[in-house]
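**Student:** Below are the sequence and a predicted model for it; my questions follow.
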Amino acid sequence: MERQLGTRLNLAHSFVVDALDETKGIPGNGPSVGMVAEHLGVDPSRGSRMVADAVRGGYVRRVASQADARSMCLELTGAGRKLLKTTSSFRRRVFSKVMANWSESECTEFARLLTKFTNH
């Protein structure tokens, strides 16, 4: 995966990029640092440091909110979208390989349990 990215993978960057993809924000107002922290289950100061590091890494940029120019929102850069695509593709390949010989009912049960696990 690092070969595809052209750099060493920083898991914290990947977590932030995933969180931004999954927390699109409300219409006219993109995701915030607080939304990322909440989604990742970390305190706001840790979320802020993770986002700042992803900004320094070139995966995320801060932009003025369309709803309130005094507020800042977050969006993925081209590098962030590439990281998201690469890590998502890697996960799908790993899951496909591991589950290749599983029955449909096993796959369904695994999906149910994984969803339950990740929602807690």
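**Tutor:** Structure received.

**Student:** Going by C-alpha atoms from here, please, whenever you check contacts or count neighbours.
**Tutor:** Will do.

**Student:** Okay, now the unreliable bits of the protein?
**Tutor:** 1-7, 25-29, 120 (pLDDT under 70).

**Student:** try it again with 80
**Tutor:** Applying pLDDT under 80 to the chain flags residues 1-8, 24-30, 65-70, 118-120.

**Student:** Tell me who's in contact with the most centrally placed residue in the chain.
**Tutor:** The centre of the chain sits closest to residue 18, judged by Cα atoms, centre = their mean, with a distance of 0.7 Å. The contact partners of residue 18, taken as Cα atoms under 8 Å, 6 or more residues apart in numbering, are residue 84.

**Student:** what's the following helix or strand after the helix or strand hosting it?
**Tutor:** If you go by DSSP states H and E, residue 18 is part of helix 11-22. Next helix or strand after helix 11-22 toward the C-terminus (DSSP H and E): helix 33-40.

**Student:** What lies in contact with that next one?
**Tutor:** Here helix 33-40 makes contact (Cα under 8 Å, 6+ apart) with 15-16, 19-20, 23, 43-44, 46-48, 51, 73-74.
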